[in-house]
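A.B. asks: sequence-free structure coming up:
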Ligand code: AMO
């Protein structure tokens, strides 16, 4: 057996050297036990090797297993490929805690630590699960442009890009494109970055975050979409519980399965609940972060960790949501998990004339959305979809306090490197 990785810990006890190697074949380290009397050459080499070195070893699982930290090996050969030029700037076994700033700067090194690695193995598992879920249900994976001429989620959060002689932006959301595809493919999904020029520095916002987006056609109303989303999330949670049990254990996370259907709360009901707690939401405004948090506390107390908020008033939503017959409410919903919005979506307006009216009503110029509107002229079915934030879902599944713990390379208000 030949295993490769990095030395994350080394201990010398008289005639024994114990080396822990973090590789990619297991979440826990491989423990190399080198004895002076048994393998004198390797013992000598082991004593000299620095923490941080990149090595490969050949050996077999030892018949005696004493270490609680990982599987012990009897070693026949060690090849050293690279040794650190400087002492490591962070502790890759996590004994010496580092400030968040340092952790973000050196996350690519910290990933040698099983705890850190588990977070991102689970992230990969979430993406893997989502892809399986959609494929099993006949959704087709698509890729839409990330350099765009118009945004769907409000002008203030667009990053401008110079595109030859044109003004362009980085895509905030695949919204317009996934809707246009409803003219030909009734079920699509995309796993995509969102670029948002939000200036605030919070524990729940990134300027480059990732979303799991879906759109489905021929729906009756937003309930069809909510069913897909709740099934997706419970599928992801089950998949991680089943396939990443060791990672959850390393993180000390007890991930509870979720039962569907999720609880539904009406927006108006939420406003009343918050009001009786002394939090007033001005008429027609979206929930603030503090209001969301408070609602989360109330709901967790009632036994609901995850719940929908439905029936958002038109005043609070994007232009593309379907207005209900009362003219006040819409088919927009949010999905909140322990007091944090992790997804939003809903039924869209698919009727050309109403959509043009909606753009104007929101003070947008239909001319800028011509390419999008065109798609609604040729047999657009009723449709809806959602965007689920990957990092926010991770925060709540794994109990991470800051969204920056859920992405390897962070893009926020002050970080453009590494
Ligand atoms: P929305 O703007 O609510 O909806 O975004 C969907 C989800 O994406 C995540 N998210 C973010 N996560 C971290 N930092 C950010 N700056 C950030 N912005 C968004 C959140 C949020 O719930 N087009 C619609 C979706 C749809 O209707 O299909 C949209 O983008 O988890």
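C.D. replies: Nice, I can see it. A quick note: this is a predicted structure, and the numbers were derived from the prediction, not measured. Numbering: from 1, shown residues only.
A.B. asks: which SS state does residue 58 fall under?
C.D. replies: The three-state assignment at residue 58 reads strand, by DSSP: H, G, I helix; E, B strand; the rest coil.
A.B. asks: identify the bridge partners of it.
C.D. replies: Beta bridges link residue 58 to residue 2, residue 77, judged by DSSP bridges.
A.B. asks: so, low pLDDT: which residues of this structure?
C.D. replies: Nowhere does the chain drop to pLDDT under 70.
A.B. asks: in it, which spans are helices?
C.D. replies: All helices of the chain, identified by DSSP state H, fall at 40-48, 100-105, 107-110, 114-136, 175-180, 222-243, 245-251, 267-275, 289-301, 352-361, 370-374, 390-398.
A.B. asks: tell me the helices and strands packed up against the longest one.
C.D. replies: Pointing back at helix 114-136 there. strand 140-141, strand 187-195, strand 208-217, helix 222-243, helix 245-251, helix 390-398 (3 or more CB pairs under 8 Å, 6 or more residues apart in numbering; DSSP states H and E). C-betas here are computed from N, CA, C, even on glycine.
A.B. asks: follow-up on the earlier one: and the helices of the chain: which comes nearest residue 328?
C.D. replies: Taking CB to CB, helix 267-275 is the member of the helices of the chain nearest to residue 328, at 9.7 Å.
A.B. asks: now residue 153: how far from residue 321?
C.D. replies: Using CB to CB, to the nearest Å, residue 153 is found at 12 Å from residue 321.
A.B. asks: more neighbours: which of these two?
C.D. replies: residue 321 (24 against 16; other CB atoms under 10 Å).
A.B. asks: okay, and the beta partners of that one?
C.D. replies: Beta-bridge partners, per DSSP bridges, of residue 321: residue 348.
A.B. asks: that one contacts residue 332, doesn't it?
C.D. replies: Yes. Residue 321 is within contact range of residue 332, at 4.4 Å (criterion: CB atoms under 8 Å).
A.B. asks: so for these two, which residues contact both of them?
C.D. replies: 312, 346 (CB atoms under 8 Å, 6 or more residues apart in numbering).
A.B. asks: got the residues of the stretch 51-200 of the chain near the ligand?
C.D. replies: Listed as neighbours of the ligand in the stretch 51-200 of the chain under the rule CB under 6 Å from any ligand atom: 152, 153, 173, 175, 194, 196, 198.
A.B. asks: possible to save the helices and strands packed on helix 114-136 as CSV with distance to residue 126 and mean neighbour count?
C.D. replies: Below are the helices and strands packed on helix 114-136 laid out as CSV (distance: least, CB to CB, whole Å; neighbours: other CB atoms under 10 Å):
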stretch, distance to residue 126, mean neighbour count
strand 140-141, 15, 12
strand 187-195, 10, 21
strand 208-217, 8, 23
helix 222-243, 5, 19
helix 245-251, 11, 16
helix 390-398, 6, 22
